[in-house]
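>>> Predicted model and sequence follow; I will ask about them next.
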Amino acid sequence: MPLAGGGVTADNLPAVMTERLPIAVLVSGSGTNLQALLDASADPGYHAEIVLVIADRDGVGALPRATAAGVPAEVVDWDRYPDRHRFTAAVCDAAAAHGAAALILAGFMRILAPEAIRRFPNRIVNTHPALLPAFPGAHAVAQALAHGVTLSGVTIHLVDEEVDHGPIIYQEAVAVMPHDTEDDLRRRIQRVEHVRYPEVVDAFAAGRLRVDGRRVTWDPS
C-alpha cells in the first residue's frame, strides 16, 4: 500500500542516468520482492543501487536478506511514533541520510503522510497484487477471489495522493484458477512481481520513464 499527498510531474522523474540511482527499499514482511531487487542490483550494469532497506517493525524476514547482501538496514518502528506524520518524517530522514534519491515500496504496509511525496516527488514506486484500479488496499488477493474474477495480476505504479492510485507503469495479468486458494494465487502473482519489479525499477532508475498525466511511457532501452 502506498501513501497520500502531492502530485505527479514529469519534471520530477529521474533524468537519464550515467551513474546508479541510489534507492531505499521499504518493507514490512518476508522480503521476497526485496530479494528480487537485491539479486538484480548485484549486477553492476543495473541502474539502481540499494543504499538502505527500511522496515516498519523489527523481526521481519526482509531484514536478514538485506544483511546477507551487505546492504544497510534500519527499523523505523511504527509503534514508536505518535502519528503518521512523524513516522513518515523518520522514514524519509533515514532514506535521505543514506543518500537515497527514490523510495521503492516492496510489500510495505504503511500509508505514509504527504511529506513523503514532497520530499521524493515522483520518485516513489509501488507494486500491487491486482490489476488496478480493481482491488486497491491490503487485501487485494482475497478480494479478487471473493469477487470471482478470472484474471488478477500485478500493477506497478508511481505513488500519488491516493492509496494504490498513481500513474500505472506496468501491468501483467495472472489467471485465477477455479480452485485457487489465497496462497495459490498470491504465489503466482509474486512470481510475476519477482521478474517485472526489478525490470521496472531498472527502467525508472535509468531515466527511461516519461509521464503525461496518468499515462507513463517507456523510452527505448
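Received it, and whenever you're ready, just let me know what you need.

>>> Point out the other helices and strands that the helix or strand harbouring Val51 packs with.
Val51 belongs to strand 48-55 when assigned by DSSP states H and E. Other helices and strands packing on strand 48-55, by 3 or more Cβ pairs under 8 Å, 6 or more residues apart in numbering; DSSP states H and E, are strand 21-27, helix 32-41, helix 62-68, strand 73-75, helix 84-97, helix 182-205. Backbone N, C-alpha and C define where each C-beta goes, glycine included.

>>> cutoff 6 Å now
With contacts defined as 3 or more Cβ pairs under 6 Å, 6 or more residues apart in numbering; DSSP states H and E, strand 48-55 has these neighbours: strand 21-27, strand 73-75.

>>> where are the low-confidence patches of the protein?
Applying pLDDT under 70 to the chain picks out residues 1-18, 221.

>>> how about the helices and strands packed on strand 48-55, which one is nearest Ala62?
With Cβ to Cβ as the measure, strand 21-27 is the member of those nearest Ala62 (3.9 Å).

>>> Pairing partners for the closest one, with directions?
Paired with strand 21-27 in the same sheet, following DSSP bridges, are strand 48-55 (parallel), strand 102-105 (parallel).

>>> burial count for Leu63?
20 (other Cβ atoms under 10 Å).

>>> can you check Thr155 too?
Using other Cβ under 10 Å: Thr155 sits among 25 other residues.

>>> highest average neighbour count across the helices and strands packed on strand 48-55?
Most buried of the helices and strands packed on strand 48-55, by mean neighbour count (mean count of other Cβ atoms under 10 Å): strand 21-27, with a mean of 26.

>>> on that earlier part again, run through who's touching the strand holding Val51.
The contact list for strand 48-55 (Cβ atoms under 6 Å, 6 or more residues apart in numbering) reads 20-27, 41, 63, 66, 71-76, 91, 94, 98-100, 201, 205.

>>> Just put the strands paired with strand 21-27 in CSV and tack on distance to Tyr81 and mean neighbour count.
Shown next, in CSV, are those (distance: least, Cβ to Cβ, whole Å; neighbours: other Cβ atoms under 10 Å):
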stretch, distance to Tyr81, mean neighbour count
strand 48-55, 13, 24
strand 102-105, 17, 25
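
>>> Quick check: which of the ones you listed is nearest to Leu151?
Closest among the strands paired with strand 21-27, using Cβ to Cβ: strand 102-105, at 23.6 Å.

>>> From the chain's centroid, how far away is that closest one?
Counting by Cα atoms, centre = their mean, to the nearest Å, strand 102-105 is centred 6 Å from the centre of its parent chain.
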